[in-house]
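Visitor: Okay, sequence plus prediction incoming.
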Amino acid sequence: MREVKSPDGRFRAIAFTRACGATTGFSSQLSIVEGSAALGTSSGNALSIDDDHGKAIALGRGGPAIGMEWTSPRELTVHFDERVRIFREDPNVAGITVIYVKDAIGRSSNASSMPR
C-alpha cells in the first residue's frame with residue numbers, strides 16, 4: 001500500500017491491492033479520503049484495475065502498479081499501464097479532480113509498490 005497526502009494535507013490518496021477470492025486475481029485500487037479517515041474495507045472509490053489476464057504487468061503477487069502525484073491541493077494525476085482492465089475510473093472524488101494517464105507505468109517515477 002502507498003499513501004500520498006495532498007499539498008495542504010487535507011486529503012490522502014491511497015493505493016492498495018485486493019484479492020477477491022480463489023477464482024479471481026489481484027486488483028489494484030485507489031481511494032481518496034479526507035484527513036485521517038480510515039480506508040475501510042470497500043473497493044477503491046476512485047480507481048479499480050486488474051492486469052486483464054496477464055496483458056498488463058502485475059507486481060509480484062499483486063495487481064498492476066499505480067503512480068500518483070498531487071498537482072495541486074484539489075487535483076491528483078494517476079498513472080497506470082494502458083493494458084489494464086478498468087472496473088472503475090472516477091474523474092471526481094470528494095471534490096478532487098482525478099486525471100488519469102494511461103501509459104507504460106515503468107516510466108513513472110511515482111509508481112506505487114504494491115504488497116507482494
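Guide: On my side now, so go ahead.

Visitor: low-confidence ranges in the chain?
Guide: The chain contains residues with pLDDT under 70 at 20-24, 61, 105-116.

Visitor: Closest to the centroid, which residue in it?
Guide: For the chain, L30 is the residue whose C-alpha lies nearest the centre (Cα atoms, centre = their mean; 3.4 Å).

Visitor: Give me the phi and psi for the residue nearest to that one when sequence neighbours are not counted.
Guide: Once flanking residues are discounted, L30 sits nearest to L47: 3.9 Å by Cβ to Cβ, 6 or more residues apart in numbering. For the C-beta atoms, the positions are set from N, CA and C on the backbone; glycine is no exception. Backbone torsions of L47, given as degrees, to the nearest 10, read phi -140, psi 140.

Visitor: returning to what we had before: and the residue nearest to the centre of the chain, what are its bridge partners?
Guide: A15, L47 (DSSP bridges).

Visitor: circling back: could you measure from the residue nearest to L30 over to M68?
Guide: Counting by Cβ to Cβ, to the nearest Å, the separation of L47 from M68 is 9 Å.

Visitor: Just confirm the residue nearest to the centre of the chain contacts P64, I think it does.
Guide: No - the criterion here is Cβ atoms under 8 Å, and L30 misses it with P64 at 11.2 Å.

Visitor: returning to what we had before: what is in contact with L47 and M68 at once?
Guide: By Cβ atoms under 8 Å, 6 or more residues apart in numbering, L47 and M68 have these common neighbours: L30, V78.

Visitor: neighbour-wise, which of those two wins?
Guide: L47 (27 against 24; other Cβ atoms under 10 Å).

Visitor: so what's T77 up against?
Guide: M68, E69, W70, T71, V98, I99, V101.

Visitor: I appreciate the help and will end here.
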